[in-house]
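J.: return atomic coordinates for the entry below.
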Amino acid sequence: MIPRTDAPAPLRRRGPRPLLLHLTLAMLRSTVSRATSPSSNPASPNLSTAFAEATAAIAAALRDPAHADSAADAFPRAVVEATLRQDADLISGIAAYRRHPYTRTLNEPDTVWAEGETRLLDYGGPEHGDPDDGGEDHAAPGSAAHAVPALFVPSLVNRAYVLDLAPGHSMLRWLAGQGIRPLLLDWGWPTEVERRFTLTDYVAGRLERAIDAAARLAAGKIALVGYCMGGTLAVAAAARRPELLSGLGLLAAPWDFHAGGQEQAQALARALPLFEPALAFNQTLPIDLLQVLFSLLDPWGVADKYRAFARLDQASARGKLFVALEDWLNDGVPLAAPVARECLAGWFGENTPAAGTWRIAGMPVDPASVRLPTFVATPARDRIVPPETARPLAALIPGAVLHQPAAGHIGMVAGATAERVLWQPLRDWLHGLN
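T.: Numbers count the residues shown, from 1 in each chain. Coordinates of the predicted model:
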């Protein structure tokens, strides 16, 4: 395979993306903090009633005779100093990330099927065990031929290698040493053909043909495991091709897009006209615009985590994991324009999956029609797919098992506690399919 020339590496990193957005948000936060300190007028009409009352209370406390005469001046000065300190930490964290020596070194396994830019990668061989385990095969001796085949489907907007992130943080390589034969669907970069795709093209086309190929390779039924948006697509595929499947795994798969906040979801839909010039020009929703949408879910989160990174030991395992995850987050994939319109207007605006009006190839996608053993994981600290957004699938699919790991959206699959909170329970469920 020809190495990617745009792969993240020291001195080539562009994250956090889009950088100008996060620097602007940090500047606005600092400006607001200074402008709303007790030295400002608490009766300002720009402040909410609750905030005005709070600042008035602080100002009153500072005027209390028990305080030094200079307290009223000291507090706003302390606010300015704190915001300047936070801004310096943010710049320091970003600089430390960009110059960090970490690079991803894991080699990809063999491609066993391909169509257009989409590939099916086979992690089933013993050579793909987790390097942190010294290559040890944890499966029972002689069990390779009886490994449980499982096809993993990631999101369309992120690189598939989040499930094979780094030594010690590769769910697929760990599972390969646990009696599972993981197959990873890598959607690839949308070229001229894929840029015209709809969700029907992806589900009833690419995904179903990948399932066919995986079932032929396994000489039998396979488990279908979808992560994030890939889980939503997997529900539709499972409803259409149950005869090829032994079970369905759904890892933080969104379904009820209004459950986590209807107004926020519909606000994303209302932003669609603003993106139309970019969609028309690129035939995709570009990566940086996708990152803007993700940032809206937690506007201050990126700055906070880079400030924390500035205080970390850069050479520590925790520091390296931060860089590995940020490299992946900033290494996104543009979304085909028809799919972007369908997701923003349909999923977020009209909540079509939960409303029962989402259709693939003209047929409604009904989770209740899925009659397969199903594992639904909804991480408790997920900000990208709030638990209440994914949890309805456990109630809609008959007999589904609900697992609620104490982790976040990405930490559940690749974080420091991922083996305990998700990999082991998922392995046990997969073995139960035999």
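J.: Phe322 should be in a helix, yeah?
T.: Yes: using DSSP: H, G, I helix; E, B strand; the rest coil, the secondary structure at Phe322 is a helix.
J.: pLDDT at the closest residue to Arg270 other than its chain neighbours, what is it?
T.: In space, Arg270 comes closest to Gly349 once its chain neighbours are excluded; the distance is 7.6 Å by C-beta to C-beta, 6 or more residues apart in numbering. C-beta coordinates here come from the backbone N, C-alpha and C atoms, glycine included. Here the pLDDT value assigned to Gly349 is 97.
J.: same question, the one 3 residues further on
T.: Residue-level confidence at Thr352 comes out at 98, pLDDT.
J.: ok, and the closest non-adjacent residue to it?
T.: Using C-beta to C-beta, 6+ apart, the nearest residue to Thr352 is Trp358, at 3.9 Å.
J.: burial count for that neighbour?
T.: 21 (other C-beta atoms under 10 Å).
J.: gap between it and Val203?
T.: 10 Å (C-beta to C-beta, to the nearest Å).
J.: same check on Gly362?
T.: 12 Å.
J.: more neighbours: which of the two?
T.: In this view Gly362 and Val203 are compared by other C-beta under 10 Å, and Val203 has more residues nearby, 23 against 7.
J.: give the contact list for that one.
T.: Leu233, Ala236, Ala237, Arg240, Ile360, Ala361 (C-beta atoms under 8 Å, 6 or more residues apart in numbering).
J.: helices - which of those residues land there?
T.: Leu233, Ala236, Ala237, Arg240 (DSSP state H).
J.: still on that earlier bit, the residue nearest to Arg270: neighbour count?
T.: Neighbours of Gly349 under the rule other C-beta under 10 Å: 18.
J.: and for Glu117?
T.: Around Glu117 there are 15 residues (other C-beta under 10 Å).
J.: what about the nearest residue to it once chain neighbours are set aside, distance to Arg241?
T.: Nearest residue to Glu117, sequence neighbours excluded (C-beta to C-beta, 6+ apart): Gly188, at 3.0 Å. Computed as C-beta to C-beta, the Gly188 to Arg241 distance reads 21 Å.
J.: that older thread, I'd say the residue nearest to Thr352 and Pro364 touch.
T.: Yes: assessed by C-beta atoms under 8 Å, Trp358 is found in contact with Pro364 at 7.0 Å.
J.: mark which of the contacts of Val203 are buried, thanks.
T.: The neighbour count (16 or more other C-beta atoms under 10 Å) marks Leu233, Ala236, Ala237, Arg240, Ile360 as buried among the contacts of Val203.
J.: what's the nearest residue to Leu430 if we skip its chain neighbours?
T.: Excluding the flanking residues, the one nearest Leu430 by C-beta to C-beta, 6+ apart is Val148, at 4.9 Å.
J.: gap between the host helix or strand of Glu326 and the chain center?
T.: Using DSSP states H and E, Glu326 falls within helix 317-329. Per C-alpha atoms, centre = their mean, to the nearest Å, the displacement of helix 317-329 from the mean C-alpha position of its chain is 14 Å.
J.: before we move on, what about stretch 374-387?
T.: Taking C-alpha atoms, centre = their mean, the mean C-alpha location of stretch 374-387 is offset from the chain mean by 11 Å.
J.: may I have the distance across that stretch, first residue to last?
T.: Using C-alpha to C-alpha, to the nearest Å, the end-to-end distance of stretch 374-387 comes out at 17 Å.
J.: can you list the buried residues in it?
T.: So for stretch 374-387, counting by 16+ other C-beta under 10 Å, buried means Thr374, Phe375, Val376, Ala377, Thr378, Pro379, Asp382, Ile384, Val385, Pro386, Pro387.
J.: what about that stretch, average pLDDT?
T.: Stretch 374-387 shows a mean pLDDT of 96.
J.: ditto for stretch 109-129
T.: Mean per-residue pLDDT for stretch 109-129: 87.
J.: just stretch 190-201 next, same as before
T.: Averaged across stretch 190-201, the pLDDT comes to 96.
J.: repeat for stretch 220-234
T.: Mean predicted confidence for stretch 220-234 is 98.
J.: alright, I will stop here.
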